[in-house]
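**Student:** Mind folding the following:
(one chain, ligands or ions: 1)
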Amino acid sequence: MILEPWMAALVAGLFGLCIGSFLNVCSLRWPQDESVISPPSRCPRCGTGIRWRDNLPVLGWLLLGGKCRECQARISIQYPLVELATGAAWAGMVLLNGVEWEALRGALLLTILLGIALSDARFYIIPDQFSVGGAILGFALAFLPGGVDWLQALTGAAVGFFLLWFVAWAGEKVFKKEAMGGGDIKMMAMVGAFLGVPGVFLTLFLGSFLGAVIFGPISMKTGKLVPFGIFLAVGAAATYLFGPALVDWYLGWAFGPR
Ligand SMILES: [Zn+2]
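**Tutor:** Numbers count the residues shown, from 1 in each chain. The predicted structure follows:
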C-alpha cells in the first residue's frame, strides 16, 4: 500500500506529539540531572501520579482543563504547546520532504533545538544529552542519504565547537567575565554536525543578531544573563528551513540584484 502524503504526515504528527511529551520531561529533568524514566510524571504540588490517559499528549491536558485531577493545581500550558509544536515539526518535515530520511533528520534537529531552548530559558543550562548527544546523532545521520555527508558533519561540528570556544575565550578577555557558557559551545558542535560549516556561520550570525536586538535591551536594563542558546536555537532552525533563501536575500539586499 502506498501511503498518501497527508496520511504519512498525520502519522508523523501523532508520533511527534508523543516525542513532544517526552521532550517536556527531558527539558525539565536533564538540566537537574534527574532520570527521565523514574519517577513517572507527577503533580508538582500534591505528588499524585499522573494516570496514563491524563498523560495523553494535548488531549490529557484539555480533558483535565489544565488542572491536576486531585488538587486542582494548574498545569502549565507549556506542556500541550510543546507537544503541539513538536507534532507540527514532525508532520511538517514529512510534508516538506516526503517519507525520506531527510524528514527524520529535520524533525530530530528541530526537536533537539526546541529542547535546548526550553532548558536554556528555564535553567540557563543546555544539557549534554541535547548538545553532545545531538552532535553524535547528527554525525550518525550524515551517513544516510540527503543533507550533509559525514565529512561535512565532522568539519561542521569541529568548526562550531572551536569557533564558539574562541568567541568565549575572547569575550572573557575583553569583558573580564564569562560571556558564553560551555553549553553554547557544545551546542554549536551539534548544529555543525547537522548543518555543516556554512550552517554554523549563518546560525551564529542570526543568533547573535536576534540576541542583540531582542534580549540586548532587556539585559542592559535588568542585568539579566542572556540565555544565548535560545537565540542560537532559533537561528539554527531558520538556517535549516530557510538557509539558502536567506543568503540569497541578504546578498541581493547588500550588493543589489545579481
Ligand atoms: Zn495535584
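**Student:** residues of whichever strand or helix holds residue 8 that come out buried?
**Tutor:** Using DSSP states H and E, residue 8 falls within helix 5-29. Buried positions in helix 5-29, judged by neighbour count with 16 or more other CB atoms under 10 Å: 8-9, 12-13, 15-17, 19-21, 23-29. To be clear about C-beta, it is placed using only N, CA and C from the backbone, and glycine gets the same treatment.
**Student:** what do you get for stretch 52-62?
**Tutor:** Within stretch 52-62, the residues scored as buried using 16+ other CB under 10 Å are 54-58, 60-61.
**Student:** cool, and stretch 62-74?
**Tutor:** 64, 68.
**Student:** Any stretches of the stretch 101-250 of the chain with poor pLDDT?
**Tutor:** Residues of the stretch 101-250 of the chain meeting the criterion pLDDT under 70: 179.
**Student:** Tell me how many other residues surround the residue of it found nearest the ion.
**Tutor:** Residue nearest to the ion within the stretch 101-250 of the chain: residue 122 (20.4 Å; CB to the ion). If you count neighbours by other CB atoms under 10 Å, residue 122 ends up with 14.
**Student:** And for residue 138?
**Tutor:** The burial count for residue 138: 26, using other CB under 10 Å.
**Student:** What is the three-state secondary structure of the residue positioned nearest the centre of the chain?
**Tutor:** Nearest to the mean C-alpha position of the chain, by CA atoms, centre = their mean, lies residue 113 at 1.0 Å. The local conformation at residue 113, judged by DSSP: H, G, I helix; E, B strand; the rest coil, is helix.
**Student:** So which elements touch the helix or strand encompassing residue 116?
**Tutor:** Using DSSP H and E, residue 116 sits in helix 101-123. Using 3 or more CB pairs under 8 Å, 6 or more residues apart in numbering; DSSP states H and E, the elements in contact with helix 101-123 are helix 5-29, helix 78-97, helix 128-141, helix 182-210, helix 228-255.
**Student:** Report the angle between the third one and helix 5-29.
**Tutor:** I take that to be helix 128-141. If you take axes from the mean of the first three to the mean of the last three CA atoms, to 10 degrees, helix 128-141 sits at 140 degrees to helix 5-29.
**Student:** What of the second one?
**Tutor:** When the same axes, to 10 degrees is applied, the directions of helix 78-97 and helix 5-29 differ by 140 degrees.
**Student:** Alpha carbons of helix 78-97, in CSV - could you do that?
**Tutor:** Extracted in CSV, the C-alpha atoms of helix 78-97 (Å, rounded to 0.1, in the frame of the first residue of the first chain):
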residue,chain,number,x,y,z
GLN,A,78,3.7,25.0,28.1
TYR,A,79,3.2,21.2,28.1
PRO,A,80,0.5,21.0,25.4
LEU,A,81,2.1,23.8,23.4
VAL,A,82,5.5,21.9,23.3
GLU,A,83,3.6,18.8,22.3
LEU,A,84,1.8,20.6,19.5
ALA,A,85,5.0,22.3,18.3
THR,A,86,6.8,19.0,18.1
GLY,A,87,3.9,17.3,16.4
ALA,A,88,3.8,20.2,13.9
ALA,A,89,7.5,19.9,13.2
TRP,A,90,7.4,16.2,12.5
ALA,A,91,4.3,16.5,10.3
GLY,A,92,5.8,19.5,8.5
MET,A,93,9.1,17.7,7.8
VAL,A,94,7.2,14.8,6.2
LEU,A,95,5.1,17.2,4.1
LEU,A,96,8.2,19.1,3.0
ASN,A,97,10.5,16.1,2.3
